[in-house]
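Undergrad: any chance you could fold what I've pasted below:
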Amino acid sequence: MKIDEIRIFLISLLTLCIMAVLIIISQVTVLEQWLSIIVDVASAVFGVGSAVTFTKSISITTSIKNKSKDNNKIKIEGQSQVGQASIVTQQGNVINNFANNDNKNIIKAIEIFTESFNKLQINNTAEIVKLTIEQLKTEKNNVNKPSDDWLMKFFRYSQEVSDLDFQKVWSDVLLYEMKNPNSIKVRALEELSWMSKEEMLILEKLSRYSFKFGDIIGIPTDYTNDVQFIELSQLADIGIIKSESMMTWQMTIDTKSNSNIVNKYFVILISNETEKSIKIDIPIRGYTEIGSQIIKSIGLTSSDMEFKNFASHLKDKHKQLKISLHRINYIKDNQINYQKQDLLSPHY
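TA: Take a look at the predicted model:
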């Protein structure tokens, strides 16, 4: 086989592969608008001035039926129609014909891959929904159906998640939106879809030291040595944590008044019994709005032990204030009902 013929064959093969990827991603029936791009890419790679002409469009029709013997009760059937395609020179002479017996295996392989890819996406979605249903079985409060637009985006971003741990994460996000309508933005779904498992493990670790300071969720940087700078930088690079390395949460406590810091089960009470106002400055690394939505929706909360240690840290650092830690009974209308026992008391 001559070198030019080898190049032509490779261009043909590359063209088919690019077409398959476009079909899988977009699932549209008309690809004429992409053809010139495909030819440009192939020509640029191989340095051959060729044009590709397709005499028929390529279509993939996918139907989903709800009758199946598997556990997901979902079945996918794929049907494809591949038309004849030829590679021609700039002079218009036909060099090679795609519709020949030698290419049947290639075309069949693409069809099998397309069907398998779509089936995998459907199965992934089914697993996420099943996990959500299991959690809903024990939910006593009413939940709401998310908007159709939100659901379309949710399944678009989650359909390629095959990892069981990540499927659980996406299930938690869906359930949180059902309990708290319009609380998770589409941008948060997109950001979550890009997170690697390593980044998720870092987020889980840092959430142990993430406390709520007013309306901000942040990590007190002067409290723990377990949080590494590289970990903060990784989450800042993907938009989970704010890029500012030096943030300070300030709290001014007037004379004869008090304030608090709350996590899920405990509250730190900070009381000023002196005759003058006292200001507390706490260096923190704050979460972005998207980061806050993600950690809330997947149920990441600060460690009770770390929250207690942080309360002790504040008490040792601000001896002019009365600082105590209490277990929360309930919170209603922004009012905290808590137990009287001070968990920081030496007698506890």
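
Undergrad: burial count for residue 220?
TA: Neighbourhood size, residue 220 [other CB atoms under 10 Å]: 21. Where you see a C-beta, it was placed from the backbone N, CA and C, and this is true even at glycine.

Undergrad: tell me how far it lies from residue 304.
TA: 16 Å (CB to CB, to the nearest Å).

Undergrad: also residue 276?
TA: Taking CB to CB as the measure, residue 276 and residue 304 are separated by 34 Å.

Undergrad: which one of those two has more residues nearby?
TA: Neighbours per residue, other CB under 10 Å: of residue 276 and residue 304, the larger number sits with residue 304, 15 against 8.

Undergrad: check contacts around the more buried one.
TA: Residue 304 makes contact with 263, 265-266, according to CB atoms under 8 Å, 6 or more residues apart in numbering.

Undergrad: report the buried members of the residues you listed.
TA: 263, 266 (16 or more other CB atoms under 10 Å).

Undergrad: ok, the contacts of residue 304 vs residue 133, which is closest?
TA: In terms of CB to CB, no member of those lies closer to residue 133 than residue 265, at 27.7 Å.

Undergrad: contacts only, for the closest one.
TA: 304, 327-328.

Undergrad: for the helix ranked longest in the chain, give the mean pLDDT please.
TA: Ranked by number of residues, the top helix in the chain under DSSP state H is helix 104-136. Computed over helix 104-136, the mean pLDDT rounds to 80.

Undergrad: tell me the helix or strand right after it.
TA: helix 148-158 (DSSP states H and E).

Undergrad: identify each buried residue in that following helix, please.
TA: Across helix 148-158, burial judged by 16+ other CB under 10 Å covers 150, 153-155, 157-158.

Undergrad: for stretch 280-299, same thing?
TA: So, applying 16+ other CB under 10 Å, buried residues of stretch 280-299: 280, 282, 284-288, 290-298.

Undergrad: rewinding a little: filter the contacts of residue 304 down to just the ones in strands.
TA: With DSSP state E as the criterion, strands contain residue 266 from among the contacts of residue 304.

Undergrad: which one of the contacts of residue 304 is nearest residue 199?
TA: Among the contacts of residue 304, residue 263 lies closest to residue 199 (CB to CB), at 23.2 Å.

Undergrad: same question for whichever helix or strand residue 309 is part of, mean pLDDT?
TA: According to DSSP H and E, residue 309 maps onto helix 304-317. For helix 304-317, mean pLDDT is 94.

Undergrad: one step back: present the contacts of residue 265 as CSV; the columns should include distance to residue 315.
TA: Shown next, in CSV, are the contacts of residue 265 (distance: CB to CB, whole Å):
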residue, distance to residue 315
304, 17
327, 17
328, 19
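
Undergrad: residue 234: which of the residues you listed is nearest?
TA: Among these, and counting by CB to CB, the member closest to residue 234 is residue 304, at 25.9 Å.

Undergrad: from residue 318, how far off is that closest one?
TA: 22 Å.

Undergrad: repeat for residue 120
TA: Taken as CB to CB, the span from residue 120 to residue 318 is 55 Å.

Undergrad: same deal with residue 180?
TA: Residue 180 sits 35 Å away from residue 318, going by CB to CB.

Undergrad: likewise residue 121?
TA: Here the criterion is CB to CB. By it, residue 121 lies 54 Å from residue 318.

Undergrad: looking at those two now, which is surrounded by more residues?
TA: residue 121 (20 against 15).

Undergrad: what's the closest non-adjacent residue to that one?
TA: Among residues not flanking residue 121 along the chain, residue 159 sits closest, at 4.2 Å (CB to CB, 6 or more residues apart in numbering).

Undergrad: the one you found: what's it in contact with?
TA: Per CB under 8 Å, 6+ apart, neighbours of residue 159: 121-122, 124-125.

Undergrad: could you redo the last one with a cut-off of 7 Å?
TA: Residue 159 makes contacts with 121, 124-125, as judged by CB atoms under 7 Å, 6 or more residues apart in numbering.

Undergrad: using CSV, write out every CA atom in the longest strand anywhere in the chain.
TA: Criterion DSSP E: the longest strand present in the chain is strand 322-332. Extracted in CSV, the C-alpha atoms of strand 322-332 (Å, rounded to 0.1, in the frame of the first residue of the first chain):
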residue,chain,number,x,y,z
LYS,A,322,-17.0,33.6,79.2
ILE,A,323,-17.1,30.8,76.7
SER,A,324,-19.1,27.6,77.1
LEU,A,325,-20.3,24.7,75.0
HIS,A,326,-23.8,23.2,75.1
ARG,A,327,-25.7,20.5,73.3
ILE,A,328,-28.6,21.8,71.2
ASN,A,329,-32.1,20.5,71.8
TYR,A,330,-33.6,22.2,68.8
ILE,A,331,-33.6,25.4,66.8
LYS,A,332,-36.8,27.2,65.9
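
Undergrad: after that strand, next one along is what?
TA: Trace forward from strand 322-332 with DSSP H and E and the next one is strand 335-338.

Undergrad: buried ones in that following strand?
TA: Buried residues in strand 335-338, counted by 16+ other CB under 10 Å: residue 338.

Undergrad: what does that strand contact?
TA: Contacts of strand 335-338 (CB under 7 Å, 6+ apart): 260, 262, 267, 326-330.

Undergrad: now the buried members of those.
TA: Taking 16+ other CB under 10 Å as the criterion, what is buried in those is 262, 267, 326.
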